[in-house]
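Trainee: quick one, fold the following:
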Amino acid sequence: MAIRKIDDREPEAAGPGAAARAVLSIAGAAGETRGVALVLHGGRSNSYESVRGRHLSPARMLPFARALRSGGGSDGLAVWTLRNRYRGWNGQDMSPVRDARWALSHISREHPGVPIYLLGHSMGGLTALCVADHPRVEAVVALAPWLDAKTPVEPVAGRRILIVHGTADRWTSPANSLAFARRADGVAESVEYVALKGAGHFMFRRVRLWNSLATRFILDAFASTAGRELRGSSDSFRSLLPASGPSLPVVL
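Mentor: All right, here's what the predicted structure looks like:
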């Protein structure tokens, strides 16, 4: 599947990072597009430095995008990977939220009525949960998300949610993620919380499990919406969890 790119250069010449642009890398589906996964990277609290492809935050998400393409592309899942304009959240500007909504608008224009699945890490996980109120979003995966007690749960109403957090994370709070999951339980269509023992923020430890949990959750949601079994896929998200059934949290 060929990759094409769309960018959105800032229209104004003044202000911080005026030449910055958001960039979408798009791996189209084979044949008819039946769903779109949007992949969102992490960042910093405050920075108007432009995001570059060589930066670790966007590079960290490439294996997830490749796994989604491999698992769902031949069945109609397109994978869009967003590179933000700026490295920072930037307070009330919420810069990555603006970029994600721009990306969602592009998806909706190109594929009207098609379901969307969000996957984000760290700041990208927070972004995904904030923009889950887009009417075409059906499922969200937030990996080691940057959350606090003020993070609203209303945007996830009616959505399927998976939060995965390492117990050894020192950059973002596993406790805040679990508290969010419990607040969202009963608001979202479903909430899953998986704690990975000994894993840290940057997903170096137990990397295969991070990837499998995230991609299988989205592929299962896509298969359910598309009403078809994915070719070449026998493992489901549930097969990765203990046989005792869902609970908050599941510890692996």
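
Trainee: where do the strands sit along this structure?
Mentor: If you assign secondary structure with DSSP state E, the strands in the chain sit at 3-9, 21-27, 35-40, 77-83, 116-121, 137-143, 160-166, 190-196, 250-251.

Trainee: neighbouring strands for the fourth one, and are they parallel or not?
Mentor: What that stands for is strand 77-83. In the sheet containing strand 77-83, the strands it pairs with under DSSP bridges are strand 21-27 (antiparallel), strand 35-40 (parallel).

Trainee: out of those, deepest packed?
Mentor: Per residue and on average, the most neighbours among the strands paired with strand 77-83 fall to strand 35-40, with a mean of 29 (mean count of other C-beta atoms under 10 Å). Just so you know, the C-beta spots here come from the backbone N, C-alpha and C atoms, and that holds for glycine as well.

Trainee: that older thread, dump the strands paired with strand 77-83 to a markdown table, plus mean pLDDT and distance to residue 54.
Mentor: Converted to a markdown table, the strands paired with strand 77-83 look like this (pLDDT from 0 to 100; distance: least, C-beta to C-beta, whole Å):
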| stretch | mean pLDDT | distance to residue 54 |
| --- | --- | --- |
| strand 21-27 | 91 | 13 |
| strand 35-40 | 98 | 17 |
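
Trainee: so which of those strands gets nearest residue 136?
Mentor: strand 35-40 (8.3 Å; C-beta to C-beta).

Trainee: how far does that closest one sit from its chain's centre?
Mentor: The chain centre lies 7 Å from the centre of strand 35-40; the measure is C-alpha atoms, centre = their mean, to the nearest Å.

Trainee: just want the angle from it to strand 137-143.
Mentor: For strand 35-40 and strand 137-143, the angle between their directions (axes from the mean of the first three to the mean of the last three C-alpha atoms, to 10 degrees) works out to 30 degrees.

Trainee: and strand 35-40 with strand 116-121, angle?
Mentor: If you take the same axes, to 10 degrees, strand 35-40 sits at 20 degrees to strand 116-121.

Trainee: tell me the contacts of the nearest residue to residue 104 once chain neighbours are set aside?
Mentor: If the residues on either side of it in the chain are set aside, residue 104 comes closest to residue 134, at 4.8 Å by C-beta to C-beta, 6 or more residues apart in numbering. With C-beta atoms under 8 Å, 6 or more residues apart in numbering as the criterion, the residues that contact residue 134 are 101, 104, 108, 116.

Trainee: just the buried ones from the residues you listed?
Mentor: Of all the contacts of residue 134 considered here, the ones buried according to neighbour count by 16 or more other C-beta atoms under 10 Å are 104, 108, 116.

Trainee: now these as a markdown table including distance to residue 180 and pLDDT?
Mentor: Putting the buried ones among the contacts of residue 134 into a markdown table (distance: C-beta to C-beta, whole Å; pLDDT from 0 to 100) gives the following:
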| residue | distance to residue 180 | pLDDT |
| --- | --- | --- |
| 104 | 21 | 96 |
| 108 | 26 | 95 |
| 116 | 21 | 98 |
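
Trainee: of all the residues you listed, which comes closest to residue 67?
Mentor: Distance ranking of the buried ones among the contacts of residue 134 against residue 67, using C-beta to C-beta, places residue 116 first at 17.6 Å.

Trainee: quick check, that closest one in contact with residue 138.
Mentor: Yes. The pair residue 116 / residue 138 is scored as a contact, 6.8 Å apart, by C-beta atoms under 8 Å.

Trainee: just the helices in the stretch 151-252 of the chain please.
Mentor: Applying DSSP state H, counting those that start in this stretch to the stretch 151-252 of the chain gives helices spanning 174-184, 207-226.

Trainee: out of those, which gets nearest to residue 112?
Mentor: Of all the helices of the stretch 151-252 of the chain, helix 207-226 sits nearest to residue 112, with 15.3 Å by C-beta to C-beta.
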